[in-house]
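Asker: predicted model, plus sequence, below.
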Amino acid sequence: MKPEAPLVEVVVTQVAGSAPTAVGDSLYLGASGWRGSVGGGAIEEALKARAVACREQGIGAVVEFLLNSEHDQCCGGRVAAIICPIPAAAEPWLQQDLPRLYGWDHRERPRLMGAWWQGRWHPAAADPIPDPAVPEWPAGLRVAQSGTYFWKRTAISHPLWLFGAGHVGAAIAAFACRLGYDVSVFDTRLEWNNAERFPPGATRHIAAMPPAEDTNPLPSALVMTHSHRLDFAITTALLARPIDYLGVIGSRTKAALFRKRLCAHGYGDKELARLHMPMGLPGLGKKPYEVAVAVLAELLQRRQGGML
């Protein structure tokens with residue numbers, strides 16, 4: 001029987017200037033083919049080719065890619081990446097994107113040292129852990145006397161609460177689960193809030209509201225139920241809680257009515273300034289997936305720091 005080819009992973013460790021990738025982006029060649037991405041295009045194809053060559057030689061490498069005319073690129077940036085052979089037993093760490101540590105010395109042959117899972121260090125080889133405080137290291141490169149290390153942290157999952165399991169809620173969930181949001185759907189209607197209508201990554205709650213407890217990081221909340229009366233009740237309840245973004249679906253007429261009623265309930269300018277209603281970027285359409293794109297575009301701008 002022919003032995004299985006070893007796994008190999010590419011991890012971006014440094015980015016300077018303009019580039020279509022970010023530090024920590026990764027892809028790997030496993031039993032079922034390539035998974036992940038380091039930006040696509042010429043840079044990804046070049047790194048894939050180098051990774052295949054490294055796999056055949058059974059070694060790792062530190063590589064640099066210049067985004068210039070030589071590579072049919074005009075971004076002008078520079079990307080550094082490591083290529084690591086990966087033990088087959090460690091593939092679940094990559095599939096789950098567990099926090100992982102890589103190390104290399106002057107020979108620049110990186111290796112996967114291990115991963116942190118359920119509060120414990122799981123070694124990938126016989127390498128000793130370089131520092132008991134590794135879980136507290138910031139993500140990225142760290143140069144020590146014993147070598148160079150790269151600590152790849154799991155991407156932060158941003159909580160997104162969807163109030164209403166209707167057509168718009170289902171459309172938003174379909175996109176949001178692919179965009180790194182931790183989606184929770186709240187709706188008491190079983191005929192709408194069911195597994196057939198939502199992706200497996202969305203957590204469904206047959207309830208109108210989440211329990212009153214602190215959430216870190218702060219969630220974004222989108223209110224879009226079947227009832228304007230319920231929308232208003234949920235909105236007033238959320239205004240009393242720490243929320244990163246509070247959006248409510250509706251027309252300008254509905255927005256004006258809600259603000260008038262909130263003022264009558266004693267809410268002032270500070271509270272009303274937290275309310276995004278109508279939610280989402282304007283002018284992109286009224287169909288469910290059009291609304292989903294408009295709302296998630298606004299949330300992504302906030303997540304990237306472009307609109308606070």
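Answerer: Great, that's in hand. Residues are numbered from 1 along each chain as shown.
Asker: do you know how far the residue positioned nearest the centre of the chain is from Pro219?
Answerer: The residue lying closest to the centre of the chain (C-alpha atoms, centre = their mean) is Gly180, at 2.9 Å. Distance, Gly180 to Pro219, by C-beta to C-beta, to the nearest Å: 14 Å. C-beta here means a position set from N, CA and C on the backbone, and glycine is covered the same way.
Asker: name the residues contacting each of these two.
Answerer: Taking C-beta atoms under 8 Å, 6 or more residues apart in numbering as the contact rule, Gly180 and Pro219 both touch His158.
Asker: quick one on the thing from earlier: now do the residue nearest to the centre of the chain against Gln304, distance only.
Answerer: Where Gln304 is concerned, Gly180 sits at a distance of 12 Å (C-beta to C-beta).
Asker: buried set for the helix or strand Thr236 falls within?
Answerer: If you go by DSSP states H and E, Thr236 is part of helix 228-239. Within helix 228-239, the residues that qualify as buried are Leu230, Asp231, Phe232, Ile234, Thr235, Ala237, Leu238, Leu239, counting by 16 or more other C-beta atoms under 10 Å.
Asker: hey, where'd the helices end up in the stretch 101-250 of the chain?
Answerer: With DSSP state H, counting those that start in this stretch as the criterion, the stretch 101-250 of the chain has helices at 167-176, 228-239.
Asker: which one of the ones you listed lies nearest to Trp93?
Answerer: helix 167-176 (25.1 Å; C-beta to C-beta).
Asker: can you list contacts of the closest one?
Answerer: Contacts of helix 167-176 (C-beta under 8 Å, 6+ apart): 160, 162-163, 183, 185, 187, 197-199, 202, 222, 224, 249, 288-289, 291-293, 295-296.
Asker: just the buried residues from those residues, in PyMOL please.
Answerer: Per 16+ other C-beta under 10 Å, the buried members of those correspond to this PyMOL selection:
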select buried, resi 160+162+163+183+185+187+197+198+202+222+224+249+288+289+291+292+293+295+296
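Asker: report pLDDT for the residue nearest to the centre of the chain.
Answerer: With respect to pLDDT, Gly180 scores 83.
Asker: so who does it touch?
Answerer: So Gly180 contacts Ala155, Ile156, Ser157, His158 (C-beta under 8 Å, 6+ apart).
Asker: in the protein, where is pLDDT below threshold?
Answerer: 1-5, 68-76, 214, 306-308 (pLDDT under 70).
Asker: excluding chain neighbours, what is closest to Ala22?
Answerer: Val15 (6.2 Å; C-beta to C-beta, 6 or more residues apart in numbering).
Asker: okay if I get the buried residues of helix 228-239 as JSON lines plus distance to Trp116?
Answerer: Listed next are the buried residues of helix 228-239 as JSON lines, based on distance: C-beta to C-beta, whole Å:
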{"residue": "Leu230", "distance to Trp116": "42"}
{"residue": "Asp231", "distance to Trp116": "42"}
{"residue": "Phe232", "distance to Trp116": "44"}
{"residue": "Ile234", "distance to Trp116": "38"}
{"residue": "Thr235", "distance to Trp116": "40"}
{"residue": "Ala237", "distance to Trp116": "37"}
{"residue": "Leu238", "distance to Trp116": "34"}
{"residue": "Leu239", "distance to Trp116": "38"}
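Asker: what about the residue nearest to Ala90 when sequence neighbours are not counted, neighbour count?
Answerer: Leaving aside its sequence neighbours, Ala90 sits nearest to Ala124 (C-beta to C-beta, 6+ apart; 5.2 Å). Neighbour count of Ala124, defined by other C-beta atoms under 10 Å: 19.
Asker: so Ala124 sits right up against Trp116, yeah?
Answerer: No - using C-beta atoms under 8 Å as the test, Ala124 is too far from Trp116 to be in contact (11.8 Å).
Asker: about what we covered before: which phi and psi does the residue nearest to the centre of the chain have?
Answerer: Recorded main-chain torsions at Gly180 are phi 80, psi 20, according to degrees, to the nearest 10.
Asker: what about Phe258, helix or strand, and which?
Answerer: Short version, using DSSP H and E: Phe258 is in helix 252-264.
Asker: sorry, that was for Tyr267
Answerer: With DSSP H and E as criterion, Tyr267 is part of no helix or strand.
Asker: secondary structure of Thr13: a helix, I assume?
Answerer: No - assessed by DSSP: H, G, I helix; E, B strand; the rest coil, Thr13 does not belong to a helix; its assignment is strand.
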